[in-house]
Each structure stands twice: as structure tokens, then as C-alpha cells.
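# next one to model:
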Amino acid sequence: MAESTSRIIRLAVVTSSYDTVDAVRRVAKKEGWRVIAKVSRHYELATLAQQRADVAIIDLANLDALTLIEEAAKALPEMPIVVLASPERFGELQRAILVGARGFVRFPVVASEFVTMINNILTEQEQEEAPASQHTLCVAVAGLKGGVGKSTIATNLAIAFHKRSHADVILVEAHNNLSDLALMLNLQPRHTLSELANSRTIDTRVVKAMVQKHESGIYVLSNTLKAEEMAELDQNTWNQVLLHVNEMAPIVVIDTAPTPDLVLSEVLFQSDKSLIISTPSVPSLRRAIDLYDTISEDESIQVEPYMVINQLGMPGGIAEKHLKNRLGKEIFCMLPYDPALATLAMNSGVPFVLSQPRSRLSRGIFEMADRLLPQNEHEKVTSSSRKRTFSLPWRS
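All right, here's what the predicted structure looks like:
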């Protein structure tokens, strides 16, 4: 019996025989596998593609079985094919392997042979899909006060990274609240993080299916826009999501909530750099200093904190010449106050680095991206050896 923590394996059975389906289903049931079957002598490639199966089992007795194997091997390389062959079909096995089948099982089905073959195929597939780490940079955009522009900066920074590096960039919304990123990018998410609330096992394939490409070229993993669909993901789920995201693209930008919770803790563990966003107001600066000091003083966390002042020049804000003394820390970047441009970008769903790339605000984002991107291979960072024992001091 498959372990209870394993994800459900889906087997697509292509055959014209109900007896064959029943035989496979009996073995699969004992392993906790799910059989998807459409009994037909003619089977279209489009039908097989829709099954979203982990393994396709194609009966050589079917008409045009070899043609389907060849087409599926080319069009659906992520779906390994196993041939089901009765003794009178053994002469066709070599051709089936040559055109793309990964292995075969005989019919009538022998349970032990069948289970061994499927497990071997799944193991090989997982090994092939495990990519060499392409991780280069993961940036967390954080702050412990709402309204400081974290989501705006995260969105525009992700696009700036893509424009500057021409690499894949994933923008992640790492909190359990309603989505801001979808609004800022004028997206209607097909899948959202809330769908993972009841998932026991999360793999790269699941996360990839939830990522949506934006017209700017970046990829987005967002929360839901609907209050009735909200769900709270636990720390282990966030751990798995962020691990897989960091394997999927060289650059990741993570937008966080202004809350010192387990989600923020997990984000900081898996990031390389953290932008701590503050406006030039006393309450915002105090909370930014608290977060900066917490990250800097905890030896078990290796993320590098960078202080970013947003909305410099805002009415009633602390003047630039007094900010450094008030903070007592180096300021990485200061972005100008431009409420008209920020509001227009929010209302139109078009980030300002796209609509107004030459504005002072956009230039500040691009300069920040240039400074954060590794300049050569020696500066690339990995997160494989990070400890995950960090505990935010203000958490009970």
C-alpha cells in the first residue's frame, strides 16, 4: 500500500477492453492509485492530454496504438508511457519502445510486476524532472506597517528584474489575505494559493500549474480575489511552495504581509535579500528598524536586510537630510513621492515601470534592480544550506 503521505498517482488507461480496465483498477486500488479510463478502439491525443495523468498505460491491442504512443511521446514528454501487451503482441514491443514507450507490462496483469514497473517509471520521471538548481536571487519585500507600498514595489521590481536580466522571474504573494498583486497586474487568476489549503503533498508540478504568466513576461503566483475563497495555509505548506518556486526560476520576488507571523518567518528563511520598506514617518520607521535589527542580530538567518525609504518627500514626512540620523542605518534606496503615478498605475492595472519607465519613480526601481542583481557568477547565491530555526522575537 502506498504511504498515506504520498500524492495520489493518476494512471490513464488507453484500451478498448473493459476487462483490461478492471484488471488494472484492482491492482491500482490496493496501491492507492487512481485509474482514469475511457474505453474506446480509437483514442485521440487530445483526450490523453486532458487526463493530466502521471503515467499513460496504452494497450497494444488498440487500433493505432503505435501511432498514439509516438504522438504522445513527442507532445506530452512529461507523461511517461507504459505499454500493456498480451503474449500475441510481444512482437510489437520493440517498435513501441523505439517510438517512445518507457516500458511494458504483460496482460493478464501480474500485480507485483505491474506495481514494480509503475514505481520504477515514477522514480525515473522524478529524477529527470529534478532540475539542476537555477536559483540566483530571491528577494523578500517586507515591512511591519501597512500602506508603505510593499506590494507596489514588489510588483514593479519583479518586472524591472525581468527587463534587466531577460531571465524568468516569479512574483509570489506570500500571505493568507486577499490578493493585491492580481489587482495591480489586472489579472484574473485561474488558480490561487488558497487551493493548496487541503493539499497533503505539494510538488513542483502542482506549483507550476498555479503560476500565471503576465503580459510583461513575469510569472505570478497569487492569492484569491474572492473573500469566500480565502484559506489559511500553514507554515509547512508555505515551506513547500517557496522551496519549489525557488527551483523553478532564477529570480523570485516575494511580497509579504505587514504581520510578524509564521509566513514572514518562512519567507525570510528562504530568501537571499530582504527589502525592508518604510515611509519617512515615525511609526513606519520604528517598525522598519525593529524588523531590520531582528534580521541582523539573529545568527541563524542569513538573509541580507536592506532599508528602503518609499514616498520620500511626502507631506509631513521626515526630511531626507534627517533620515539617516533618525534611522542610524545605511539607506539602500530612496524612492520619490509620486501619488499621481502610483494611483494611476493601481487604477489601470499597469505597473508604472511599464507605463512610465522614464519617471523618477521608475528609474529608482530600475536602479534598485541593477544593484540587487548579481554582477557575476561568484556573486550568485543559493539557499540550500540555510537553517530554519529562526523565531521572530515578538511572536508568542
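# lowest-confidence helix or strand of this structure?
helix 45-50 (a mean of 76; mean pLDDT, DSSP states H and E).
# list the helices and strands that helix packs on?
Judged by 3 or more Cβ pairs under 8 Å, 6 or more residues apart in numbering; DSSP states H and E, helix 45-50 is in contact with helix 65-75. From N, CA and C alone the C-beta is placed, and that goes for glycine too.
# report the buried residues of the helix it packs on.
Judged by neighbour count using 16 or more other Cβ atoms under 10 Å, the buried positions of helix 65-75 are 65, 66, 68, 69, 70, 71, 72, 73.
# which single one of these is nearest to residue 206?
The closest of these to residue 206 turns out to be residue 72 (Cβ to Cβ; 21.9 Å).
# what residues are up against that closest one?
45, 48, 56, 58, 79, 81, 100 (Cβ atoms under 8 Å, 6 or more residues apart in numbering).
# quick one: the strands in the stretch 251-396 of the chain, in order.
The residue ranges that make up the strands of the stretch 251-396 of the chain, judged by DSSP state E, counting those that start in this stretch, are 251-256, 273-278, 304-312, 331-336.
# turn the buried residues of helix 65-75 into a markdown table, including distance to residue 22 and pLDDT.
Below are the buried residues of helix 65-75 laid out as a markdown table (distance: Cβ to Cβ, whole Å; pLDDT from 0 to 100):
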| residue | distance to residue 22 | pLDDT |
| --- | --- | --- |
| 65 | 19 | 91 |
| 66 | 25 | 92 |
| 68 | 22 | 91 |
| 69 | 23 | 93 |
| 70 | 28 | 92 |
| 71 | 27 | 91 |
| 72 | 23 | 90 |
| 73 | 27 | 90 |
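# centroid residue for the protein?
Among the residues of the chain, the one closest to the centroid is residue 245, at 3.7 Å (Cα atoms, centre = their mean).
# how about that one, secondary structure?
The three-state label for residue 245, taken from DSSP: H, G, I helix; E, B strand; the rest coil, comes out as helix.
# what distance do you get for it to residue 212?
According to Cβ to Cβ, to the nearest Å, residue 245 and residue 212 sit 13 Å apart.
# same check on residue 148?
Between residue 148 and residue 212 the distance is 26 Å, computed by Cβ to Cβ.
# so where is the stretch 151-300 of the chain shaky, pLDDT-wise?
200, 299-300 (pLDDT under 70).
# tell me where it has helices.
In the stretch 151-300 of the chain, the helices defined using DSSP state H, counting those that start in this stretch lie at 181-184, 204-210, 235-248, 262-269, 282-297.
# what's the last one packed up against?
Using 3+ Cβ pairs under 8 Å, 6+ apart as the contact criterion, the elements in contact with helix 282-297 are strand 273-278, strand 304-312, helix 320-327.
# now those as CSV including mean neighbour count and distance to residue 87?
Written out in CSV, the entries for the helices and strands packed on helix 282-297 read as follows (neighbours: other Cβ atoms under 10 Å; distance: least, Cβ to Cβ, whole Å):
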stretch, mean neighbour count, distance to residue 87
strand 273-278, 25, 62
strand 304-312, 22, 65
helix 320-327, 13, 79
